[in-house]
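A.B. asks: Everything below, folded, please.
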Amino acid sequence: MIQLHFAAGACSFVPHVGLEVIRATTGAEFEPKFVKLHKGEQKTPEYLAMNPDGQVPVLVVDGKVLTQIVAICDYLDRSTPQAGLLPADSWERAQAMSRLAWMNNTVHPTFTHIYMPYVFSGDEAAFDEMRRFNTERYRGFLGRIQGWLDGADRFMLGDRLSFLDAYALTLLRWGGLSGIDPDDFPAYKAYVDRVASAPPVAAALERERIPVHAFRKQAA
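C.D. replies: Numbers count the residues shown, from 1 in each chain. From the prediction side, this is the model:
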């Protein structure tokens, strides 16, 4: 049995969608384990024994623990290639993994600088500038992702859902939480709406109880 430890609206949404795609493709079930970050459940001794960093996602496969989103996505794709979560062709797969890694190691940490600046500095006086600087940087990254969508079919890699679609949805949603209006990226927003209408994505959104878009206008 596979367990996925996830939090609402976090990057764990990416493998959450992947497991829903696998369920739809093969019928294989998984056990969702909701981690309530606001209650500190990621800091309990039991959770830290699985992931000392106190982060989601955590994948548990027959009692064995796997952390780090790129590794989890790679495992899910290799263990169930028929789900088509990444391309089968070696070069195309490498290109998709490159984009996935960039989302995870560049765009995602930029959002963390906006949303949790205290992780990177103990100087509260620096927080506002850190948020301002990284919000503009994040806006540029969303523009780059929108550029990937030119000429795209229903999903980023064609007619099948991939991990990239789930991460792209998450990143635009985080932009809204940072005060970046998704209407500033009309092609990206329309694409995310298409992604959200796919049954595996809709199932993950419903379980996490999150809206597709979450725009919070920031105070001037």
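
A.B. asks: And the strands in the chain, which stretches?
C.D. replies: 2-6, 31-34, 58-61, 64-67 (DSSP state E).

A.B. asks: how about those in TSV, adding distance to Val212 and mean pLDDT?
C.D. replies: In short, each C-beta sits where N, CA and C put it, glycine included. Listed next are those as TSV, based on distance: least, C-beta to C-beta, whole Å; pLDDT from 0 to 100:
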stretch	distance to Val212	mean pLDDT
strand 2-6	17	98
strand 31-34	19	98
strand 58-61	24	98
strand 64-67	27	98
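
A.B. asks: who are the neighbours in contact with the closest residue to Phe155 other than its chain neighbours?
C.D. replies: Take Phe155 and drop its neighbours on the chain: the residue closest to it by C-beta to C-beta, 6 or more residues apart in numbering is Asp165, 5.1 Å away. Residues counted as contacts of Asp165 (C-beta atoms under 8 Å, 6 or more residues apart in numbering) are Val17, Phe155, Met156, Leu157, Val195, Val201.

A.B. asks: repeat that with 10 Å
C.D. replies: Contacts of Asp165 were listed using C-beta atoms under 10 Å, 6 or more residues apart in numbering, and they are 14, 17, 21, 85, 154-157, 191-192, 194-196, 198, 200-201.

A.B. asks: List buried residues within these.
C.D. replies: 14, 17, 21, 85, 155-157, 191-192, 194-196, 198, 200-201 (16 or more other C-beta atoms under 10 Å).

A.B. asks: circling back: for Ile180, state which of the contacts of Asp165 is nearest.
C.D. replies: Val192 (13.2 Å; C-beta to C-beta).

A.B. asks: now, among the contacts of Asp165, which is nearest to Ile210?
C.D. replies: Ile210 has its nearest neighbour among the contacts of Asp165 in Ala196, at 10.4 Å by C-beta to C-beta.

A.B. asks: didn't that closest one look like it was pressed against Ala168?
C.D. replies: No - with contacts counted by C-beta atoms under 10 Å, Ala196 stays clear of Ala168, the gap being 11.0 Å.

A.B. asks: Excluding chain neighbours, what is closest to Gly175?
C.D. replies: Leu142 (5.3 Å).

A.B. asks: residues in contact with that neighbour?
C.D. replies: By C-beta under 10 Å, 6+ apart, the residues touching Leu142 are Val107, Ala168, Leu171, Leu172, Trp174, Gly175, Ser178, Ile180, Pro182, Asp184, Phe185, Tyr188.

A.B. asks: Nice, that's everything, thank you.
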